[in-house]
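1. what would the 3D arrangement of this be:
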Amino acid sequence: MSHPARARRVLRLTRPSTPLGHHAQTVSEHPSIPGVAAVIFDLDGVLLDSEVWWNDVRRDLVAAHGGRWTEDDQRAVMGANSRQWARTMVERHGLGGNPDRIMRAVVDGVVQRYRREGAPLIAGVRETVERLGARYPLAVASSSHPAVIEAALSTSGLAPWFAVIVSSDEVSYGKPAPDVFALAGRRLGAPAERVVVVEDSLNGVRAAKAAGMAVALVPNRTVPPAPGTADLADLVVEPIAALDPEAVLAAARAGRAG
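-> Below is the predicted model of the structure:
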């Protein structure tokens, strides 16, 4: 079902009354909460302003082989898992013809940057994760390699809040296929129709919708979403501190009913 264009809304939140606890919640710990059963976050571009890091490492690698990494190349790998984007890089730029070697070089480059510089947390993310983690089970479902996810969450200090962490490398296809979100939902024990996904990209929004989940688009200012992404999302939220999962789920249900 197609969705009509939606006007952007900014959701303003009051401070939660629930005390913050530094541990990940599970669905079974919240049997009385109506509506949203769990919240799944994308990583790059939603929690961390790290999309540009991937672009920098790929650009430098391609330049070292005498080529030029373009915006079209970047769009071609958005949402892909490691196997997929490494093959795409080899198909477009040669790079010695070894996708496994290219994957390792890119992953190592991004991990090293985390170790040198720490995690580039987006403003409001820590407070938002803590606020929502006190009420809902949280997961990360990312297209990044597991080593990058580990480096990102450990250097950011966010890891304890997430009950489930899933990489697209664990499934057959990356975004826009629904596989990574479907796996995260199963591990959370949450029904898809009660899960809210937080995304920043067109392929991510498509993947969440294909998984039967509600999705909030939080646009990234460094790497803005492709045209049409806002129309596909159930709700556009700016900034992330305004995120209200119940409002996102309500918007999704209204869209389905319409």
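2. from here on, just use CA atoms for contacts and neighbour counts.
-> Noted.
3. which segments of the protein make up each domain?
-> 27-49+119-257, 51-117 (automatic domain parsing).
4. most tightly packed of the ones you listed?
-> Using mean count of other CA atoms under 10 Å, the stretch among those with the largest mean neighbour count is domain 27-49+119-257, at a mean of 21.
5. pLDDT on it, on average?
-> Mean pLDDT, domain 27-49+119-257: 94.
6. that domain: how far from the chain's middle?
-> 5 Å (CA atoms, centre = their mean, to the nearest Å).
7. element containing Val90?
-> Element membership for Val90, per DSSP states H and E: helix 82-93.
8. dump that helix to PDB, keeping only the CA atoms.
-> This file holds the C-alpha atoms of helix 82-93, laid out as PDB (Å, rounded to 0.1, in the frame of the first residue of the first chain):
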ATOM      1  CA  SER A  82      29.600  -6.400   3.900                       C
ATOM      2  CA  ARG A  83      29.600  -9.200   1.200                       C
ATOM      3  CA  GLN A  84      27.400  -7.100  -1.000                       C
ATOM      4  CA  TRP A  85      29.200  -3.800  -0.800                       C
ATOM      5  CA  ALA A  86      32.600  -5.400  -1.200                       C
ATOM      6  CA  ARG A  87      31.400  -7.100  -4.400                       C
ATOM      7  CA  THR A  88      30.000  -3.800  -5.600                       C
ATOM      8  CA  MET A  89      33.300  -2.000  -5.000                       C
ATOM      9  CA  VAL A  90      35.200  -4.600  -7.000                       C
ATOM     10  CA  GLU A  91      32.600  -4.600  -9.800                       C
ATOM     11  CA  ARG A  92      32.800  -0.800 -10.100                       C
ATOM     12  CA  HIS A  93      36.500  -0.200  -9.500                       C
END
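9. can you list contacts of it?
-> 62, 67, 73, 76-77, 95-100, 102-103, 143-145, 168-169, 173-174 (CA atoms under 8 Å, 6 or more residues apart in numbering).
10. tell me which of those fall in helices.
-> Counting by DSSP state H, the contacts of helix 82-93 place 62, 73, 76-77, 99-100, 102-103 in helices.
11. and of those residues, the nearest to Gly228?
-> Closest approach between the ones in helices among the contacts of helix 82-93 and Gly228, by CA to CA: Ala76, at 16.7 Å.
12. give me the most central residue, this protein.
-> With distances taken as CA atoms, centre = their mean, the residue of the chain nearest its centroid is Asp42 (1.2 Å).
13. still on that earlier bit, which among the ones in helices among the contacts of helix 82-93 gets closest to Gly118?
-> Distances from Gly118 to the ones in helices among the contacts of helix 82-93, taken as CA to CA, are shortest for Met103 (21.5 Å).
14. how near is the residue lying closest to that closest one once chain neighbours are set aside to Gly97?
-> Nearest non-adjacent residue to Met103, counting by CA to CA, 6 or more residues apart in numbering: Ala86, 5.3 Å away. Distance, Ala86 to Gly97, by CA to CA, to the nearest Å: 10 Å.
15. what does Pro219 give?
-> 35 Å.
16. likewise Arg253?
-> According to CA to CA, Arg253 stands 47 Å off from Gly97.
17. do Glu130 as well
-> Glu130 is 44 Å from Gly97, by CA to CA.
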